[in-house]
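**Q** Mind looking at a prediction? Sequence and model below.
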Amino acid sequence: MAETVASQAVEIINQIGIFDILVPFLLGAGALYGMLEKSQVFGKDRHDVNALISIAVGIIIALSWSARNFILNFIPLVIILAFFMFIMVLLAQWLGLEPKFFINIMNQPAIIIPVVLIVLVLIMVAQSGGLDFIMGRANYTGDIGIPTEDLTPQDLANPAIVLAQPQIAGTLIVLAVFAVVTYMVTQKK
């Protein structure tokens, strides 16, 4: 079977390790650098310290097998979510809603945070086996059967399985609730 030039190029990129090493490094380092620059934790105009810390964390992510696999499995979910959000905005504009409507909703944390939490919980439940997982008839991988705790390292690299663990999902929900309460208490009136 003849291979196309594009498939050969992707194969070479995979062999070099760009997707396995470089992409997780860039995502981890770039996201942390942006957060450090925005929050100014180490002081104003401390670009050198922020860059050094973000590069160090990016290298740690690139060397960590589980962190790399988690990021590589999480990227398609984020792309799909962004695609559906884009489609929803296009449909809303087609129906005549102004972009300011979405901006006003995004500025209302009392509306957007519970909606995001509900969507995340629904995604976790759906990817964990749906109603069968809730009723206890599914194991952590979503297959019908006896509940099990025998998770492999490959399972731990899958964000859907990790986020569907009751301890992790519960902790994330509790942290989100505390974040909402803290925001509402400290918000200026």
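**A** Now that the structure is in, tell me what you want to look at.
**Q** Could you identify the longest helix within this protein?
**A** Longest helix in the chain, counting residues (DSSP state H): helix 65-94.
**Q** other SSEs contacting it?
**A** Judged by 3 or more C-beta pairs under 8 Å, 6 or more residues apart in numbering; DSSP states H and E, the packing partners of helix 65-94 are helix 23-39, helix 47-63, helix 99-106, helix 153-156, helix 159-164. Backbone N, C-alpha and C define where each C-beta goes, glycine included.
**Q** Most tightly packed of the ones you listed?
**A** Most buried of those by mean neighbour count (mean count of other C-beta atoms under 10 Å) is helix 159-164; its value is a mean of 20.
**Q** What mean pLDDT does it get?
**A** Across helix 159-164, the average pLDDT comes to 69.
**Q** Return whichever helix or strand comes after that helix as CSV; C-alpha atoms alone will do.
**A** Using DSSP states H and E, the helix or strand that follows helix 159-164 towards the C-terminus is helix 166-186. Extracted C-alpha coordinates of helix 166-186, given in CSV (Å, rounded to 0.1, in the frame of the first residue of the first chain):
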residue,chain,number,x,y,z
PRO,A,166,-14.7,9.0,43.3
GLN,A,167,-12.0,10.4,45.4
ILE,A,168,-10.6,12.7,42.7
ALA,A,169,-14.0,13.8,41.4
GLY,A,170,-15.2,14.5,44.9
THR,A,171,-12.0,16.5,45.7
LEU,A,172,-12.4,18.5,42.5
ILE,A,173,-16.0,19.3,43.3
VAL,A,174,-15.1,20.3,46.9
LEU,A,175,-12.3,22.5,45.7
ALA,A,176,-14.6,24.2,43.1
VAL,A,177,-17.2,24.8,45.8
PHE,A,178,-14.6,26.3,48.1
ALA,A,179,-13.3,28.5,45.2
VAL,A,180,-16.8,29.8,44.5
VAL,A,181,-17.4,30.5,48.2
THR,A,182,-14.1,32.3,48.5
TYR,A,183,-14.7,34.3,45.4
MET,A,184,-18.2,35.4,46.5
VAL,A,185,-16.9,36.3,50.0
THR,A,186,-14.0,38.3,48.8
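**Q** helices and strands around helix 166-186, which ones?
**A** Judged by 3+ C-beta pairs under 8 Å, 6+ apart, the packing partners of helix 166-186 are helix 109-127, helix 159-164.
**Q** now that helix against helix 109-127, angle please.
**A** Helix 166-186 runs at 170 degrees relative to helix 109-127, counting by axes from the mean of the first three to the mean of the last three C-alpha atoms, to 10 degrees.
**Q** Can we start the residue count at 781 from this point?
**A** Noted, 781 is the first residue going forward, which turns the last one into helix 946-966.
**Q** Check the offset of helix 946-966 from the chain's centre.
**A** Computed by C-alpha atoms, centre = their mean, to the nearest Å, the chain-centroid distance of helix 946-966 equals 16 Å.
**Q** how close does Ala890 sit to Leu955?
**A** According to C-beta to C-beta, to the nearest Å, Ala890 and Leu955 sit 18 Å apart.
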